[in-house]
Structures are given as C-alpha cells and as structure tokens.
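K.L.:
generate a structure from the sequence data that follows.
(one chain, ligands or ions: 1)
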Amino acid sequence: MEKSMAVTCIALLLLATIALYCDAAGPPAPASDTLFTNKQLRSNEELRSNNSFFVFKVQSDCNMVLTRVSDSSVLWSSGTGGKAAGCWVTMQGDGNLVLYSNQNNAVWMSKTARKEDLYTLMVQDDGNAVIYTASHVAIWSTSYD
Ligand SMILES: *[C@@H]1O[C@H](CO)[C@@H](O)[C@H](O)[C@H]1NC(C)=O
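P.N.:
A predicted model of the protein is given here:
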C-alpha cells in the first residue's frame, strides 16, 4: 500500500514537472502577419511579416511602431508614446484601425471608417503595413500615412 502510494506520488510529481517545463519552455506561437476583424493586439504583442523582416508592435509605452528588424529602424509610428498605459489596437469591422488606452479611450486611429466589412491589417514582406477590405482593396498603409 505505502509503496503504491509512493509510486503514485512520484508519477504525479513527474507529470507536474513535465507540465511546468512545457509551459515555460514551449515555443511561442509564431507571430502572424495579419490582424483580423475584431481581433486585438495587446501591449507588447506584435505582427510579423512572413519573411520576418518587419515587426508591427504595440509597445508598452503606447507607441505603435513598424520596425525593420535588420537594423531596428522605425519605418512608421503612431506617435503616441507615453500617451497612455496598457494600450491595445483592434481592426474594427467599420474599417477603422484604433489604438485604445487601458481606459478604452481612443489614442490613435487610421481614420478609415466606412461600411461594415471584414478588414485585415497585414504586415507585408515589402515592409508596408496595409489595411485591406475583404475584396483586397487597400484603404490605408503606413507608407502613405
Ligand atoms: C503569410 O503566411 C500565412 C500562413 O502561411 C498565410 O496565410 C498568409 O497569406 C501569408 N501572407 C502573405 C502576405 O502572403
């Protein structure tokens, strides 16, 4: 009886250790290049172009920044650094890309609101971040902002 309990305990300990290890050491989900309608990027979350050359990130200082990874150069930013805390961005169903504070106040927007559709924000391999309609018409991009 005591022996089988010890075996059970050791087995449980092993399982717990494996679970902990997997949680800590598991690979992070690969960053997507696309933010879909009504999805959010929270503070410190990012989109990454498929070729991994470009990152679009909501920084913890509330600045939203498109960076070229090779030399860390900033290609575009929302200019909202320090405006709020815990900022998050969402691709709204009305076509407006909006950065919100943790109080849910709009801090920045792409000003592209229009009819309801399935919009996507995509970080392209060419270093441009673009908002597309469902029929793939570009309505905003970092290079023309
Ligand atoms: C990036 O890769 C994803 C997953 O393979 C794919 O769905 C998406 O269309 C790709 N993006 C571009 C711009 O090709």
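K.L.:
so who does S73 touch?
P.N.:
When contacts are counted by CB atoms under 8 Å, 6 or more residues apart in numbering, S73 touches T67. Any C-beta I mention is one placed from the backbone N, CA and C, and that applies to glycine too.
K.L.:
just list whatever residues bridge to it.
P.N.:
With DSSP bridges as the criterion, S73 is bridged to R68.
K.L.:
from V98, how far out is it?
P.N.:
S73 is 26 Å from V98, where distance means CB to CB, to the nearest Å.
K.L.:
F36 too?
P.N.:
The gap separating F36 from V98 is 15 Å, by CB to CB.
K.L.:
so the two - more neighbours on which side?
P.N.:
V98 (18 against 12; other CB atoms under 10 Å).
K.L.:
surely the more buried one meets Q92?
P.N.:
Yes: the pair V98 and Q92 passes the contact test of CB atoms under 8 Å, sitting 6.0 Å apart.
K.L.:
okay, G93: pLDDT?
P.N.:
Model confidence at G93, given as pLDDT, is 98.
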